[in-house]
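Engineer: below: sequence and its predicted model.
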Amino acid sequence: MSASPSALPPGSTIGILGGGQLGRMLASAAAQLGYRTHILAPDAESVAAQTASSFTRADYHSRIVLDEMADQVDVVTYEFENIAIGPVEYLAGKVPVRPGPTSLSIAQDRAREKAFVAGIGGRTAPWAAVSTLAELQAAIAEIGAPAILKTLRLGYDGKGQVRIHDAADAEQAWADIGERPAILEGFVNFSHEFSIITVRGIDGGLASYPPPWNEHKDGILARSTLPAPAEIAVHWAEAATLAARVAEALGHVGVLTLEFFATPEGPVFNEMAPRVHNSGHWTIEGAECSQFENHVRAICGLPLGSTALTGTRVEMENLIGDEANRWPALVAEPGVHLHLYGKANIRPGRKMGHVTRVTR
Ligand code: AMP
């Protein structure tokens, strides 16, 4: 595969909506290939701006700012999915936005994403959309307990979720999620969690990484390990086929991540992200071409890079909150790849960095 006729040549500018660590690592990968990056984010502290070529600190909803961005960049992407769809659609009328607004709008809504994936043959936990306490009570009666109540939108890292142990928990759970539109999901008895990171080019070409085993702590990813154990490996083909089908059905361009539970019945789809993902950070040193570089390659119309492992074993460990204070010992560890995100303040639960160890 060679670069598409509409490929953006190095020297072009990639606009990135969002200013966090994913944007930071995307900007680094883009710079390696000779692209410039322009970050748009409202945050005072943008760790993406530290590695990007330029930064506009502004609200996403300002037409003046969006017009200016569209003039300055050759393609727009986003590094988080909780951005309002309006500005993304507005930009898409002026400049290519990859992945397109459809990927974003479906991934933003847990009910739409589950229905979409089930509609093309994916297996999900039993679920029901609820928008009142009475609907929640009816859903618990139907789905049973234990179950998990999740806000329809704006949830991440286990936020916006409440565990329901029995029907008597309904009222409290409804109050805890702020009486907002939600879905009730049956509790999945899984042995392991894993993800499929797929990348699709503008020519429809697909590549996908071997699945990491993802271990969470307090709802936040703690560790990704490859190769995955047998309990995950048996589901690899089915999950990767589903991810490819989802990417195709969305007309997705760029990286797309699907998260799964491994169960004896098969892989159960949990959620998707229309972007690079924390469970793919190991690819920077653990794969021949990282998820960040492959995202840049895809959205710029370049051929996709190899997703093969660079070693026999790869482990990525997240540095959450004050775990970042371990950096002096980690940086002294032979062969370790330490990544710190440049965040000024440590807060509990905040992703501060990660380390990757590759066994050759
Ligand atoms: P999510 O934000 O949907 O990724 O959920 C965060 C974490 O909660 C997941 O990584 C799982 O560990 C757990 N979880 C979410 N949904 C379920 C479920 N239906 N059954 C069991 N555990 C779940």
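Structural biologist: Good, I have the coordinates. Numbers count the residues shown, from 1 in each chain.
Engineer: so what's the closest residue to the ligand within the stretch 101-250 of the chain up against?
Structural biologist: Closest residue of the stretch 101-250 of the chain to the ligand, Cβ to the nearest ligand atom: residue 188 (3.7 Å). Where you see a C-beta, it was placed from the backbone N, CA and C, and this is true even at glycine. Residues counted as contacts of residue 188 (Cβ atoms under 8 Å, 6 or more residues apart in numbering) are 125, 261, 263, 268, 270.
Engineer: what comes up buried for the strand or helix carrying the fourth one?
Structural biologist: Spelled out, that is residue 268. Using DSSP states H and E, residue 268 sits in strand 266-273. Buried residues in strand 266-273, counting neighbours by 16 or more other Cβ atoms under 10 Å, are found at 267-273.
Engineer: can you check stretch 255-269 too?
Structural biologist: Neighbour-count burial for stretch 255-269 flags 255-263, 267-269 (criterion: 16+ other Cβ under 10 Å).
Engineer: next one: stretch 284-297
Structural biologist: Buried residues in stretch 284-297 (16+ other Cβ under 10 Å): 284-287, 289-297.
Engineer: next, format those residues as JSON lines and append distance to residue 221, pLDDT and secondary structure.
Structural biologist: Below are those laid out as JSON lines (distance: Cβ to Cβ, whole Å; pLDDT from 0 to 100; DSSP: H, G, I helix; E, B strand; the rest coil):
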{"residue": "284", "distance to residue 221": "15", "pLDDT": "98", "secondary structure": "helix"}
{"residue": "285", "distance to residue 221": "17", "pLDDT": "98", "secondary structure": "helix"}
{"residue": "286", "distance to residue 221": "15", "pLDDT": "98", "secondary structure": "helix"}
{"residue": "287", "distance to residue 221": "17", "pLDDT": "98", "secondary structure": "strand"}
{"residue": "289", "distance to residue 221": "22", "pLDDT": "98", "secondary structure": "coil"}
{"residue": "290", "distance to residue 221": "17", "pLDDT": "98", "secondary structure": "coil"}
{"residue": "291", "distance to residue 221": "14", "pLDDT": "98", "secondary structure": "helix"}
{"residue": "292", "distance to residue 221": "17", "pLDDT": "98", "secondary structure": "helix"}
{"residue": "293", "distance to residue 221": "21", "pLDDT": "98", "secondary structure": "helix"}
{"residue": "294", "distance to residue 221": "20", "pLDDT": "98", "secondary structure": "helix"}
{"residue": "295", "distance to residue 221": "19", "pLDDT": "98", "secondary structure": "helix"}
{"residue": "296", "distance to residue 221": "23", "pLDDT": "98", "secondary structure": "helix"}
{"residue": "297", "distance to residue 221": "25", "pLDDT": "98", "secondary structure": "helix"}
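Engineer: which one of the residues you listed sits closest to the ligand?
Structural biologist: Nearest to the ligand among those is residue 291, at 18.0 Å by Cβ to the nearest ligand atom.
Engineer: isn't that closest one right up against residue 278?
Structural biologist: No - applying Cβ atoms under 8 Å as the test, residue 291 and residue 278 come out as separate, 10.2 Å apart.
Engineer: give me every residue in this structure lying close to the ligand.
Structural biologist: Residues of the chain lying close to the ligand (Cβ under 6 Å from any ligand atom) are 125, 148, 155, 158, 185, 187-188, 193, 216, 219, 259, 270-271.
Engineer: just the ones of those residues in strands?
Structural biologist: Members of the residues of the chain next to the ligand lying in strands (criterion: DSSP state E): 148, 185, 193, 216, 259, 270-271.
Engineer: and the furthest pair within those residues?
Structural biologist: Spatially, the most separated pair among these is 185 and 216, at 15.8 Å (Cβ to Cβ).
Engineer: higher neighbour count, these two?
Structural biologist: residue 185 (22 against 14; other Cβ atoms under 10 Å).
Engineer: identify the bridge partners of that one.
Structural biologist: On the basis of DSSP bridges, residue 185 is bridged to residue 127, residue 148.
Engineer: state the distance from residue 196 to residue 35.
Structural biologist: 26 Å (Cβ to Cβ, to the nearest Å).
Engineer: neighbour count: the two, which is higher?
Structural biologist: Of the pair residue 196 and residue 35, residue 196 is the one with more neighbours under other Cβ under 10 Å, namely 31 against 23.
Engineer: quick check: pLDDT value at that one.
Structural biologist: With respect to pLDDT, residue 196 has a value of 98.
Engineer: excluding its backbone neighbours, what's nearest it?
Structural biologist: Distances taken as Cβ to Cβ, 6 or more residues apart in numbering place residue 243 nearest to residue 196, at 4.2 Å, with adjacent residues excluded.
Engineer: I appreciate the help and will end here.
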